[in-house]
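Novice: okay, sequence plus prediction incoming.
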Amino acid sequence: MTSTEPTRTSRPAPGNTRRTALNWWQAVLFGAGAATVLNLLVWGAAQASGATLALVEPGEPDYVIQAGSVVSSSIAPMVLGIVLASVIARWWTGVLRLAQVLGALMAVGTLWSVFAYGADAATITSLTLMHLISGTVVVLALEGLRRHVLAARRAP
């Protein structure tokens, strides 16, 4: 007679990090996708609330932030940073923690650009939120990649 009950080995072991681990391309897709979608939602909400989404520099034409700018500014740094960190992590896993810190610091550190130009309060708030979203997403994506790398190193 055969039993139809699942065996103990068919369930993930407690503390198994494989469910929350991301290989390099999953981390890139998650990071770029999540940052882009969330930042576009903020951009759309800013437009709906009446934000000008224009950066004003005296003597220069206003730079109006369009959806394409949000997409490229969300995708490019995320993809470049995660791919670079994943390549270096093949030899030095500590780079992933460093990349998390640097990614978050760069997202916060580039906020100066939001305040360097004249803009209405809703625009400044929206752009600040977009920077913070990108910083949070890069930390999460790199954490998923770090868990994958560490699990692969522990595997027999």
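Specialist: Received the coordinates, thanks.
Novice: hang on, residue 22 in a strand?
Specialist: No. According to DSSP: H, G, I helix; E, B strand; the rest coil, the state of residue 22 is coil, so it is not within a strand.
Novice: contacting residues around the residue lying closest to it once chain neighbours are set aside?
Specialist: Excluding the flanking residues, the one nearest residue 22 by Cβ to Cβ, 6 or more residues apart in numbering is residue 144, at 3.4 Å. To be clear about C-beta, it is placed using only N, CA and C from the backbone, and glycine gets the same treatment. Applying Cβ atoms under 8 Å, 6 or more residues apart in numbering, we find residue 144 in contact with 20-22, 26-27, 30.
Novice: in TSV: the residues you listed, plus distance to residue 36, neighbour count and pLDDT.
Specialist: As requested, those are arranged in TSV below (distance: Cβ to Cβ, whole Å; neighbours: other Cβ atoms under 10 Å; pLDDT from 0 to 100):
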residue	distance to residue 36	neighbour count	pLDDT
20	21	12	83
21	22	19	94
22	17	23	96
26	16	15	97
27	15	27	98
30	11	18	98
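Novice: so which elements touch the helix or strand that contains residue 77?
Specialist: Element membership for residue 77, per DSSP states H and E: helix 67-89. When contacts are defined as 3 or more Cβ pairs under 8 Å, 6 or more residues apart in numbering; DSSP states H and E, helix 67-89 packs onto helix 24-48, helix 95-109, helix 121-154.
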